[in-house]
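# Quick one: sequence plus predicted model below, questions after.
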Amino acid sequence: MTSLTLVRRIAARPSIVFDALTTPEGIAHWWGPDSGPVLFAETDVRIGGRFKVRFRMLDSTEHESQGEYLEVNPPERLVMTWRWLGREDEDEESRIEIDLRPVNGGTELVFTHALLSSEESRKAHTEGWNGALDKLEKYLGSL
Amino acid sequence: MVNYTDRLDRVFGALVSPARRAILMRLTQTDCASISELAQPVAMTLPAVMKHLDVLEQARLITRAKTGRTMFVRLSPKPMAEALAWLRHYEQFWSGSLDRLVAYAEKKEARARKPLVRKTG
């Protein structure tokens, strides 16, 4: 499988990092490869919910990406699909997995971006849906 | 036609094996090599080398052609360049993003701790 993994040690507790990763206000402060501005960020942080972020780069090009949350487990784990909008590779869906581990009052963040083969992409969607259905079942059971 | 994702998966799958990476490294040093030339430095049997070459060929990282009775292997750089471009693109994207995320979260943490310090002090 094609994937990229990055690790960061952060002097902030996992809940603060999780909020920075998922709230529009947090995302506006860091999303994008350079210091160009985030133009808008929307998040619906629950399994099956979606995010959409548009940013401008310093070369003044604008880019938009969106995806669906597959796993939401604050403040430990976040899994989401990833897709560019309006680009020639917009059919290419990938998957982002973020794990947060508390270390010495701070957080170790392990970030993996994986390109999915068609089989894996299908599976990821099924898992996402199963997660959403599990939730629905729980909700209905509690009525 | 094999799509972009599957193509990249095959390239990275092929690169997982140290023996296959050794074969590729050797091919970067010579324009082309015979199969027995490839087998020598990695101390592998010919059938083992053939198997690795099958995987490399499926990933389109090499091409094979027969000249007389000898099979020659040649490096085919395009799929590798494509795979590296994917990695580099997202490495740059997320590396810059995560550096700013770290700075932002640490500022938030410092702010969250301030009132506590005042109360106890």
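Happy to help now that I have it. Numbers count the residues shown, from 1 in each chain, chains lettered A, B, ... in the order given.
# Burial check on residue B:65, number of neighbours?
Residue B:65: 10 surrounding residues under other CB atoms under 10 Å in any protein chain shown. Backbone N, C-alpha and C define where each C-beta goes, glycine included.
# That one pairs with what?
Beta-bridge pairing for residue B:65 (DSSP bridges): residue B:72.
# Now residue 88, what are its backbone angles?
Picked chain A for this. phi -70, psi -20 (degrees, to the nearest 10).
# before we move on, what about residue A:101?
phi -120, psi 130.
# That one and residue A:75 touch, don't they?
No: when contacts are counted by CB atoms under 8 Å, residue A:101 is not listed as touching residue A:75 (10.1 Å).
# who touches both of these two?
By CB atoms under 8 Å, 6 or more residues apart in numbering or on different chains, residue A:101 and residue A:75 have these common neighbours: residue A:14.
# And those two? Which one has more around it.
residue A:75 (17 against 12).
# Can you give me every residue that contacts the more buried one?
Taking CB under 8 Å, 6+ apart as the test, what residue A:75 contacts is A:13, A:14, A:15, A:17, A:18, A:100.
# Just among those, which is most surrounded?
Among the contacts of residue A:75, residue A:17 has more neighbours than the rest - 28 neighbours, counting by other CB under 10 Å.
# can you pull out the strands in chain B?
For chain B, the strands defined by DSSP state E cover B:32-34, B:62-67, B:70-75.
# Please apply the same query to chain A.
A:2-10, A:38-43, A:50-56, A:62-73, A:77-85, A:94-103, A:106-115.
# Which one of those lies nearest to residue A:25?
strand A:38-43 (8.2 Å; CB to CB).
# In the closest one, which residues are buried?
A:38, A:41, A:43 (16 or more other CB atoms under 10 Å in any protein chain shown).
# Residue 6: neighbour count?
Let's take chain A. 16.
# that's the wrong chain, I wanted chain B
15.
# With residue A:85 instead?
By other CB under 10 Å, neighbour count at residue A:85 equals 11.
# re the thing from before, overlap between the contacts of residue A:75 and the residues near chain B?
Intersecting those with the contacts of chain B gives A:13, A:17 (criterion: CB under 8 Å from any CB of the partner chain).
# Low-confidence ranges, chain A, go.
Filtered on pLDDT under 70, chain A yields the residue ranges A:1, A:117-143.
# and with 80 instead?
A:1-2, A:88-91, A:116-143 (pLDDT under 80).
# Chain B too?
B:1-3, B:31, B:41-43, B:115-121.
# can you map out the helices along it?
Listed in chain order, the helices of chain B (DSSP state H) span B:4-15, B:18-29, B:35-39, B:46-58, B:78-120.
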